[in-house]
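Trainee: A predicted structure for the sequence below; I have some questions about it.
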Amino acid sequence: MMRMMASVLALVAATPALAEVVAKAESPDKSISVAVSIDNDGRPTYAITRKGKPLVNDSALGFLFTDAPKLDRYFALVDAKTAKSDTSWTQPFGEWTTIRDNHVDLTVRLKEKVRQQREMTVTFRVFDDGVGFRYTLPDQPNLHHANIAEELTEFAIAEEGTAWWKPAYGWNREEYLYNTTPISSIGTAQTVLTMKLASGTHLAIHEAALVDYSAMNLARFEGTKLRANLTPGSGAPKVSRDAGFSTPWRTIAIADDAPGLYKASQITLNLNEPNKLGNVSSWIKPGKFAGVWWNMITGRWSWARGPQHGATNAHVRQYIDFAAANGIPGVLVEGWNVGWDGDWFGNGNDMNFAQPTADFDAAGLAAYAKSKGVYLIGHHETGGSASHYDKQLDTAFKFAADHGEPVVKTGYVTDAGQIERVDADGTTHREWHEGQWMVNHYLRVVQAAAKYKVSIDSHEPVKDTGLRRTYPNWVAREGGRGMEYMSWAGKNPPEHEANMVFTQLLGGPMDFTPGIVSLKGSENSDLPSTLAKQLANYVVIYSPVVMVADTPAAYAKVPGAFQFIKDVPTDWSETRVLNGEVGDYVTIVRKQKGSSDWFLGAVGDEQARASTIALDFLDAGKTYTAQIYRDGPGADYRTPTRHAITIESKPVRKGDTLKLALAPGGGQAIRFVAPGKRRK
């Protein structure tokens with residue numbers, strides 16, 4: 001009898017609990033549907049279909065706590081409400097001036113039927129090209145404070161397919177190359193994670209409005225099912241905060257193809273709160289900048305004081321003159337302040353962000369730059385000593401404002417999990433760059449900078465989750481393998497940019513530091529890129545602040561190619577992705593804000609690529625001049641011909657087509673000049 005009873009119990013345990021759909025909502029165009037179900041154990045799940053076909057099968061919802069029973073079963077529906085909204089809003093800068101926010105909300109309120117009878121609300125926002133959802137944990141008798149060990153959120157992808165992802169929890173933070181694997185072979189991945197299902201549908205999972213919470217990674221659970229995996233902190237809970245809060249939004253962008261994902265990524269911005277800084281047009285300055293940087297990356301100059309010091313009065317004046325002569329508004333200076341001498345990696349406690357070195361005349365250089373119509377961009381490298389930086393935020397940004405610096409580049413160069421946090425009582429902790437404490441630190445920096453009308457370009461950052469809508473002075477960040485890796489061993493492969501466009505850049509702008517026209521890195525190593533691709537990256541990789549990263553001497557050798565870099569803007573009224581496949585190639589056109597000119601950038605991978613594009617984006621009835629910068633005869637990233645470039649002009653009109661031919665490792669850049677406009 002006991003053996004029979006055990007068999008029965010085992011059978012019951014193995015039998016899936018029956019589920020009932022308790023709430024449902026559809027996107028405005030009815031193509032995407034979200035259904036919330038509760039099984040007979042009281043476990044809530046959600047599922048997503050598109051055009052009647054499953055995309056995400058029933059996926060768990062809930063929380064695991066460090067000091068209370070988990071929150072994922074015994075639930076019953078209290079109520080479910082839907083609401084529609086269709087509005088538009090404008091950005092002070094960006095890839096599109098106006099963004100439409102058209103969605104249906106489904107708010108599901110759940111309560112435990114037994115035991116502690118706690119409540120949890122899940123809000124789904126359903127767009128025509130994606131879904132966002134978040135939890136709200138209200139303050140209640142049995143939940144006044146939440147110590148969250150883990151989210152139990154799942155993404156049960158309905159089909160096998162291909163995934164593009166980079167690993168979480170490596171020592172080098174976000175700076176890893178992308179893996180291309182079956183979905184069922186994903187390890188633990190950072191977001192944005194992009195997938196192409198067997199049926200062809202493209203998905204990109206990310207998050208929006210990451211505030212006072214831990215960043216979400218994704219760990220494969222079984223088959224093609226993924227689970228949320230929150231970044232740890234220095235203590236047992238991954239998130240600790242008083243109840244009465246909402247989590248970040250978990251987002252799934254959905255499209256027929258890779259180009260469609262780019263526009264679908266607008267849901268990240270739509271799920272953030274509106275601008276809290278008011279009118280910022282007078283002090284947030286999109287634009288290009290030169291800088292005392294590449295010579296340091298290649299080892300010719302140093303950040304530390306000494307005979308090779310880069311941030312000297314003479315060097316900086318040279319770059320100011322170069323910027324002024326070429327219409328480049330900013331000059332970045334790194335290594336200008338006390339604290340760089342010795343071993344600062346992971347130990348920035350000697351950094352002083354208001355004390356220049358003796359060979360850097362901050363006031364004199366600021367005045368000289370202003371006299372030339374140029375501004376300086378400051379640099380605050382913390383070496384991972386975040387609490388040390390916290391103590392200086394007010395004086396640091398006052399110094400920046402007093403010296404006419406509208407933008408400051410911040411840095412947190414230390415291994416992942418090694419950020420130094422020092423509490424008021426002197427206790428030292430080690431934090432992760434994307435844990436809750438650091439998420440709050442990054443936002444403190446942005447808020448402190450805003451008081452002095454300074455913008456932030458953060459390196460070694462927390463991921464971009466659209467907070468630039470709420471705090472527009474958070475203009476850019478790094479968060480991936482940028483151009484500096486092209487200088488060192490283990491360079492970025494030719495497919496890297498075409499990977500990033502449909503992965504990381506779906507999250508937001510990146511300070512990639514393009515424009516290495518010399519195609520030379522450390523120890524005179526060759527960059528795996530053509531010259532034309534370096535130009536195309538200015539259009540393909542969006543950031544409102546963009547570096548003209550090579551040296552003045554390098555640009556003097558290629559005046560024809562440099563003309564495109566001088567012409568290309570960094571602020572746009574419209575963006576369209578004309579074609580692309582993740583990791584293979586992409587063609588993007590952007591319309592200059594306040595102008596009728598369009599700019600095109602196309603990049604490929606290690607193969608030669610050819611495509612034909614329709615110029616349907618041009619205004620009808622006008623003849624434009626297409627200023628074309630393309631790979632020259634025999635161009636190839638593997639040979640000395642990587643420098644070959646052909647520069648030509650031709651008249652074009654709406655309805656015409658252009659053939660694009662990309663060399664291996666190549667690219668193409670085009671400026672479409674509207675009639676009646678002269679070249680600058």
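Mentor: Good, I have the coordinates. The structure presented is a predicted model; accordingly, all values stated were derived computationally and were not measured.

Trainee: where do the helices sit along the chain?
Mentor: Defined through DSSP state H, the helices belonging to the chain, from first to last, are 2-14, 258-264, 266-270, 294-297, 313-325, 362-371, 386-390, 393-402, 436-451, 496-501, 531-540, 552-556, 559-567.

Trainee: where does pLDDT dip in the chain?
Mentor: Using pLDDT under 70 as the threshold, the predicted model of the chain has low-confidence ranges 1-17, 677-680.

Trainee: do that again at 50, thanks
Mentor: Across the chain, the stretches falling below the confidence threshold (pLDDT under 50) are 1-14, 680.

Trainee: circling back: looking at the helices of the chain, spot the one closest to residue 350.
Mentor: helix 386-390 (8.9 Å; CB to CB). (Each C-beta comes from the backbone N, C-alpha and C, glycine too.)

Trainee: and the closest one, what does it pack against?
Mentor: Other helices and strands packing on helix 386-390, by 3 or more CB pairs under 8 Å, 6 or more residues apart in numbering; DSSP states H and E, are strand 419-422, helix 436-451.

Trainee: check which helices and strands the first one sits against.
Mentor: Judged by 3+ CB pairs under 8 Å, 6+ apart, the packing partners of strand 419-422 are helix 386-390, strand 428-431.

Trainee: please repeat the previous calculation with a cut-off of 10 Å.
Mentor: Using 3 or more CB pairs under 10 Å, 6 or more residues apart in numbering; DSSP states H and E as the contact test, the elements touching strand 419-422 are helix 386-390, strand 428-431, helix 436-451.

Trainee: closest one to residue 319 among the ones you listed?
Mentor: Relative to residue 319, the nearest member of those by CB to CB is helix 436-451, separated by 23.3 Å.

Trainee: quick one, that closest one and helix 393-402 angle?
Mentor: For helix 436-451 against helix 393-402, the angle between stretch directions is 40 degrees (axes from the mean of the first three to the mean of the last three CA atoms, to 10 degrees).

Trainee: packing partners for helix 436-451?
Mentor: Applying 3+ CB pairs under 10 Å, 6+ apart, we find helix 436-451 packed against strand 239-242, helix 386-390, helix 393-402, strand 407-411, strand 419-422, strand 428-431, strand 455-458, strand 474-477.

Trainee: dump the longest one to PDB, keeping only the CA atoms.
Mentor: Listed in PDB are the C-alpha atoms of helix 393-402, where the atom choice follows Å, rounded to 0.1, in the frame of the first residue of the first chain:
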ATOM      1  CA  LEU A 393      30.300  64.900  -6.800                       C
ATOM      2  CA  ASP A 394      29.400  68.400  -5.900                       C
ATOM      3  CA  THR A 395      32.900  69.800  -6.100                       C
ATOM      4  CA  ALA A 396      33.700  67.800  -9.200                       C
ATOM      5  CA  PHE A 397      30.700  69.100 -11.200                       C
ATOM      6  CA  LYS A 398      31.100  72.600 -10.000                       C
ATOM      7  CA  PHE A 399      34.700  72.500 -11.300                       C
ATOM      8  CA  ALA A 400      33.400  71.200 -14.600                       C
ATOM      9  CA  ALA A 401      30.800  73.900 -14.900                       C
ATOM     10  CA  ASP A 402      33.200  76.600 -13.900                       C
END
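
Trainee: what comes into contact with that helix?
Mentor: In this structure, residues lying in contact with helix 393-402 by CB atoms under 10 Å, 6 or more residues apart in numbering are 283, 337, 351-356, 362-363, 366, 376-378, 380, 389, 392, 405-408, 410, 441, 444-445, 447-456.

Trainee: quick one: distance of it to the chain centre.
Mentor: For helix 393-402, the gap between its own C-alpha mean and the chain's C-alpha mean amounts to 26 Å (CA atoms, centre = their mean, to the nearest Å).

Trainee: buried residues, it. List them.
Mentor: Within helix 393-402, the residues scored as buried using 16 or more other CB atoms under 10 Å are 393, 396, 397, 399, 400, 401.

Trainee: now do residue 408 against residue 380, distance only.
Mentor: Residue 408 is 6 Å from residue 380, where distance means CB to CB, to the nearest Å.

Trainee: what residues are shared contacts of the two?
Mentor: When contacts are counted by CB under 10 Å, 6+ apart, residue 408 and residue 380 have 353, 396, 397, 399, 400, 445, 449, 456, 458 as shared neighbours.

Trainee: just flag the most distant two among those.
Mentor: Among the shared contacts of residue 408 and residue 380, 399 and 458 lie farthest apart (CB to CB), at 18.1 Å.

Trainee: now for residue 587: which residues touch it?
Mentor: Residues in contact with residue 587, defined by CB under 10 Å, 6+ apart, are 259, 536, 539-540, 576-580, 600-604, 609, 611, 613, 658, 660, 662, 667-668, 670.

Trainee: next step: these restricted to strands.
Mentor: When DSSP state E defines the strands, the subset of the contacts of residue 587 inside them is 576-580, 600-603, 609, 611, 613, 658, 660, 662, 667-668, 670.

Trainee: picking up where we left off before, and the helices and strands packed on helix 386-390: which comes nearest residue 593?
Mentor: When the helices and strands packed on helix 386-390 are ranked by distance to residue 593, counting by CB to CB, first place goes to helix 436-451 at 22.4 Å.

Trainee: now the residue nearest to residue 22 when sequence neighbours are not counted: how far from residue 109?
Mentor: If the residues on either side of it in the chain are set aside, residue 22 comes closest to residue 77, at 4.5 Å by CB to CB, 6 or more residues apart in numbering. In this view, residue 77 and residue 109 are 7 Å apart by CB to CB.

Trainee: what touches both of these two?
Mentor: residue 23.

Trainee: re the thing from before, closest one to residue 126 among the helices and strands packed on helix 436-451?
Mentor: Judged by CB to CB, the one of those that comes nearest to residue 126 is strand 239-242, at 25.9 Å.

Trainee: starting at the chain centroid, how far to that closest one?
Mentor: Using CA atoms, centre = their mean, we find the averaged C-alpha position of strand 239-242 to lie 25 Å away from the chain's own average C-alpha position.

Trainee: what does that strand contact?
Mentor: Surrounding strand 239-242, the residues in contact under the criterion CB under 10 Å, 6+ apart are 63, 65-67, 137, 139, 143-151, 212-214, 230-231, 233, 245, 247, 435-437, 439.

Trainee: enumerate every residue touching residue 412.
Mentor: In this structure, residue 412 makes contact with 173, 346, 348, 380-386, 389, 418-419, 433, 438, 441-442, 458-462, 478, judged by CB under 10 Å, 6+ apart.

Trainee: take those residues and, keeping just the buried ones, write it as a PyMOL select command.
Mentor: Applying 16+ other CB under 10 Å to the contacts of residue 412, the buried members can be selected in PyMOL as follows:
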select buried, resi 173+348+380+381+382+383+384+385+386+389+418+419+433+438+441+442+458+459+460+461+462+478
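
Trainee: shouldn't residue 612 be in contact with residue 579?
Mentor: Yes - using CB atoms under 10 Å, residue 612 is in contact with residue 579, at 9.2 Å.

Trainee: higher neighbour count, the two?
Mentor: When residue 612 and residue 579 are compared for neighbours, residue 579 comes out ahead with 17 against 9, by other CB atoms under 10 Å.

Trainee: distance check, the more buried one against residue 637.
Mentor: Between residue 579 and residue 637 the distance, using CB to CB, works out to 21 Å.

Trainee: and for residue 84?
Mentor: Taking CB to CB as the measure, residue 84 falls 50 Å from residue 637.

Trainee: do the same with residue 185
Mentor: In this structure, residue 185 lies at 29 Å from residue 637, with CB to CB as the measure.

Trainee: more neighbours: the two, which one.
Mentor: A direct count of neighbours by other CB under 10 Å for residue 185 and residue 637 places residue 637 higher, at 23 against 14.

Trainee: chain neighbours aside, what residue packs nearest to the more buried one?
Mentor: In space, and not counting its chain neighbours, residue 637 is closest to residue 665: 2.5 Å by CB to CB, 6+ apart.
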